[in-house]
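Peer 1: quick one, what's the 3D model for this:
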Amino acid sequence: MTRLSERYSILFVEEPKDPDEAHPQGHVKQVKINDHLTVFTPYIPWHNWPTMCSQYVPLLKKHVDAIEASAFWFYSPYYVHLLKSFNPGKVIYDCMDEHSAFKNASPNLPAYERQLLGRAEVVFTGGRSLYEAKRDLHNNVHCFPSSVDSEHFEKAMDAATEVPEDLQEVKRPVVGYYGVIDERIDMDLLAKTAQLLPDVSLIMIGPFAKIDKKEAAKADNIHYLGKKDYALLPGYLKGMDVAMMPFALNESTRYISPTKTLEYMAALKPIVSTPVRDVVREYKGTVAIEDNATSFAEAIRAYLQETEEQKQSRKKLQAEKIKANSWNKTVEEMERLAFKDQGKGNSQSSPSKRSVPMD
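Peer 2: Next up, the predicted model:
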């Protein structure tokens, strides 16, 4: 969205947060990213999704001057109910996850997605597995595996970038993960890896979601550092000797294409992952892919003992992969498909003709 804001005015509306003393019900936090990109966070008590969406209507009417000339860019089917109140000039569905596979997902979510697919003119998917799941549900689906803001994460290699204090206090060597800590993390693998590598510190950075902290893997050498700002991530990456993706293999990870793979890679960090399908298909050869705690720990140990020749060979492969997956290239192609091909009348860029009732 930051790149698109160079050419379009964008209002990015986040999921609602529960009201609190600092943010009473109805408050909308506004953060101006640049002259053409503003992020709104509404503070609304939880209701069902149709009711939640109705509370977004006055917000959008107040801040968007020309709805019918605007594009609605959806990241989640939950917000399809907005289309009962608005008729935007264009509807785009950017499917980054199979939300229905997540823990505590609404049983109505598949129906919401069908409604959104019926209104969308173009659908983007954030990985090959998602593309394969959606390509027969709409006639204009395009696959965009993860891209990376390489300039941001390359700061991990900058001498001026400081390793945050809480990570400096952790015993080296450090193997780290950042991202949401939820049902997608294989806690059993994490605990066993910690046991197999007692001299290595395993760092988990990110907020807990949908699971209780009591369910988290525990060991003297596992450290949970909490949620960190995006701007600080290069500093945390700089302090890692190896980056890891200890994902469980379950329904919630079946369609994921983790963006952090390329972020780790932009910092030229060695990476160990479990065999998530899209990671295997996109990054085999540049990521060590292991399916059990023993081999996961062995791969970490091997990276910690890399020779200089092995290190340079790995970094060369990673740099080539990064060069082919920049956000600039991805956004340019998305913009062409979403906006610049409209009206050409070819079957590849025509909107879906399905009519789906908005129940």
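Peer 1: show me what contacts residue 92?
Peer 2: 71-74, 120-124, 338 (CB atoms under 8 Å, 6 or more residues apart in numbering). (Each C-beta comes from the backbone N, C-alpha and C, glycine too.)
Peer 1: how does it look with 6 Å?
Peer 2: 73, 122, 338 (CB atoms under 6 Å, 6 or more residues apart in numbering).
Peer 1: please pick the buried ones from those.
Peer 2: Buried subset of the contacts of residue 92 (neighbour count, 16 or more other CB atoms under 10 Å): 73, 122, 338.
Peer 1: what about the host helix or strand of residue 117, distance to the chain center?
Peer 2: Element membership for residue 117 (DSSP states H and E) is helix 109-119. The chain centroid and the centroid of helix 109-119 are separated by 21 Å, computed with CA atoms, centre = their mean, to the nearest Å.
Peer 1: neighbouring strands - and their directions - for the next helix or strand after it?
Peer 2: For helix 109-119, the following helix or strand on the C-terminal side (DSSP H and E) is strand 122-125. Using DSSP bridges, strand 122-125 pairs in its sheet with strand 90-95 (parallel), strand 141-143 (parallel).
Peer 1: quick check: buried residues in the worst-scoring helix or strand of the chain on mean pLDDT?
Peer 2: When the helices and strands of the chain are compared on mean pLDDT, DSSP states H and E, helix 49-54 comes out lowest with a mean of 86. Neighbour-count burial for helix 49-54, counted by 16+ other CB under 10 Å, picks out 49-50, 52-53.
Peer 1: in the stretch 201-350 of the chain, which spans are helices?
Peer 2: 233-238, 260-266, 277-283, 293-304, 308-323, 327-335 (DSSP state H, counting those that start in this stretch).
Peer 1: and the ones you listed, which is most packed in?
Peer 2: Highest mean neighbour count of the helices of the stretch 201-350 of the chain: helix 260-266, a mean of 26 (counted as mean count of other CB atoms under 10 Å).
Peer 1: tell me the mean pLDDT for it?
Peer 2: The average of the pLDDT scores along helix 260-266 is 97.
Peer 1: which residues sit against that helix?
Peer 2: Under CB under 6 Å, 6+ apart, the answer for helix 260-266 is 146, 148, 150, 153-154, 179, 243, 271, 283, 318, 322, 325.
Peer 1: hmm, try it at 8 Å
Peer 2: 146-150, 152-154, 156, 177-179, 233, 237, 243, 245, 271, 273, 279, 282-283, 286-287, 318, 321-322, 325.
Peer 1: next: stretch 15-30.
Peer 2: 38-46, 52, 55, 59, 76.
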